[in-house]
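Engineer: my questions are about this predicted structure, shown below with the sequence.
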Amino acid sequence: MTLLHQSSTWLPLLTLAAAPAALGQLLPILFGYRPGPVGRLGCVVSLALSLLALTTGAPAWLAPLAAWLCLPFLLAATLTCGVALFDRHPRAVPAAIAIASIAATALTLPFVNGASPAYAAAVALSALLAAALIPTPAVAAVLAGSADVRLPAAPANHTRRARSLPRKLVRTGDVHFLPLYHLLRLSTLAREGMDHSGSYRFADHIYANRPAGRFGIGALLDRALLRLPATRAFHQRYREAAATLADVARRSPARPARVLAVPCGIPRDLAAALEDLRRAGDSPSIEYHGLDLDPDVLRAAADFVAHLGVPFHFHRGDALDPTAYAPLGQFDLVISTGLGEFLPDDDLARLYANAHAALAPGGVFFTSATAHDPRSDALLARFELVTRYRTPAQIAALLAPLPWARVDLVPHPSGLQTFVRAVR
């Protein structure tokens, strides 16, 4: 006798057929979250199971198949309900009862005959109905009022805003990215990027190009990330900055070349330039200045430069504030990389104007811009590594209002970075 003809299994079978759509699509909607691809897949699975039941007479193998297909949606629903409980959502408790009931049905139906699974399924349907009908006034206010949703204001280059990326992935319907998120956190580069976006440590890790991570596999992941085209182009910008610094130093034999890095980060470009100069037998002198808002960056930069054998001065100040530059005098070279990718056009134009004003006549401004890569951007956006992408034409337009003697824009072979040298 088929399951379809056993009245005690009608309700469990229909519940399991509907469960993927209910768990993947309906449940996030009840909480005000995005269902995402998991919800769409759940609808497809439920439709397929229902058609199988109608067209095949619901053979004995259909119930175990439905039960197994429910399991990943049960896991996703459990995560969704957990986040809803954290958000103090009024529908979370009845939804949790529904999930538990559907789980009991999915786990017992393949092995138990009789009324027990039917009762579990009936409870599940009742709980889902209750969750859907419970009035939820000011649901948006409940979500917005959760202390978890946003971080306090952060520096412009720290684009991370969600307190918890896993909870954010659930709310935005990207629950399927959770395994990748936890895997990538084994990599030092990915973990720093997720936790602190465009921090100086993130950039310095790429410049140093030394894989590191947890449990062995993290270092392997890190090595793979450092070999990506976008990362290699990112790495090249510090080499280009070092080459420009060495060239400016060679053209200033009579006095120390005055160099300003804003924001300064860890001055690996200075170390690379000095190494290139010494390898070539040149001995020009350099007076190095760094400007940054973060005192931790200034301390780390000073520790790094201390053994390089050049005079250095570090200043705390805002790169967008013209008064921060005035006491420093004029420079033969101003280097600014890493900040422009996080600034809107108005602020970036202000940074360019400040750099121009800080240059002596004939001085060089070196900067860079990142181009859009749809493949990597889709992933980075999920983890809130948000970058402002610009083409060479857009950079040229932002530089154009300033009276430069010459502007050279050189794209990286990958097309993912543009290196800019502008002469005052």
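Structural biologist: Right, received. Where do you want to start? Note that the coordinates shown come from a computational prediction; the quantities given were computed from them, not determined experimentally.

Engineer: contacts only, for residue 309.
Structural biologist: Residue 309 sits next to residue 274 when contact means C-beta atoms under 8 Å, 6 or more residues apart in numbering. C-beta here means a position set from N, CA and C on the backbone, and glycine is covered the same way.

Engineer: and the pLDDT for it?
Structural biologist: Note on residue 309: pLDDT of 86.

Engineer: from residue 289, how far off is it?
Structural biologist: Separation of residue 309 from residue 289 (C-beta to C-beta, to the nearest Å): 16 Å.

Engineer: does residue 38 touch residue 170 like I think?
Structural biologist: No - taking contacts as C-beta atoms under 8 Å, residue 38 lies outside contact range of residue 170: 9.9 Å.

Engineer: just for the stretch 301-424 of the chain, where's the confidence low?
Structural biologist: Counting by pLDDT under 70, the stretch 301-424 of the chain contains no low-confidence range.

Engineer: so residue 43 is in contact with residue 21, correct?
Structural biologist: Yes - at 4.7 Å, residue 43 counts as touching residue 21 under the criterion of C-beta under 8 Å.

Engineer: more crowded one of those two?
Structural biologist: For residue 43 and residue 21, the more surrounded residue by other C-beta atoms under 10 Å is residue 21, and the numbers stand at 23 against 16.

Engineer: if I pick the more buried one, what's in contact with it?
Structural biologist: By C-beta under 8 Å, 6+ apart, the residues touching residue 21 are 39, 42-43, 45-47.

Engineer: do the same with residue 312
Structural biologist: 287-290, 302, 305-306.

Engineer: the same query, at a cut-off of 10 Å, please.
Structural biologist: Residues in contact with residue 312, defined by C-beta atoms under 10 Å, 6 or more residues apart in numbering, are 259, 264, 267, 270, 286-290, 301-302, 304-306.

Engineer: equivalent analysis for residue 397, please.
Structural biologist: 345, 349, 390-391.

Engineer: now swap in residue 321 and tell me
Structural biologist: Contacts of residue 321 by C-beta under 10 Å, 6+ apart are 291, 293, 350, 354.

Engineer: most neighbours among those residues, please name it.
Structural biologist: In terms of neighbours by other C-beta under 10 Å, the contacts of residue 321 top out with residue 291 at 25 neighbours.

Engineer: if we ignore the residues flanking it in sequence, what's nearest that residue?
Structural biologist: residue 262 (4.2 Å; C-beta to C-beta, 6 or more residues apart in numbering).

Engineer: tally of neighbours for that neighbour?
Structural biologist: 27.

Engineer: quick one, strands of the stretch 151-300 of the chain?
Structural biologist: 257-261, 286-292 (DSSP state E, counting those that start in this stretch).

Engineer: mind putting the ones you listed into CSV with mean pLDDT and distance to residue 209?
Structural biologist: Listed next are the strands of the stretch 151-300 of the chain as CSV, based on pLDDT from 0 to 100; distance: least, C-beta to C-beta, whole Å:
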stretch, mean pLDDT, distance to residue 209
strand 257-261, 95, 20
strand 286-292, 94, 22
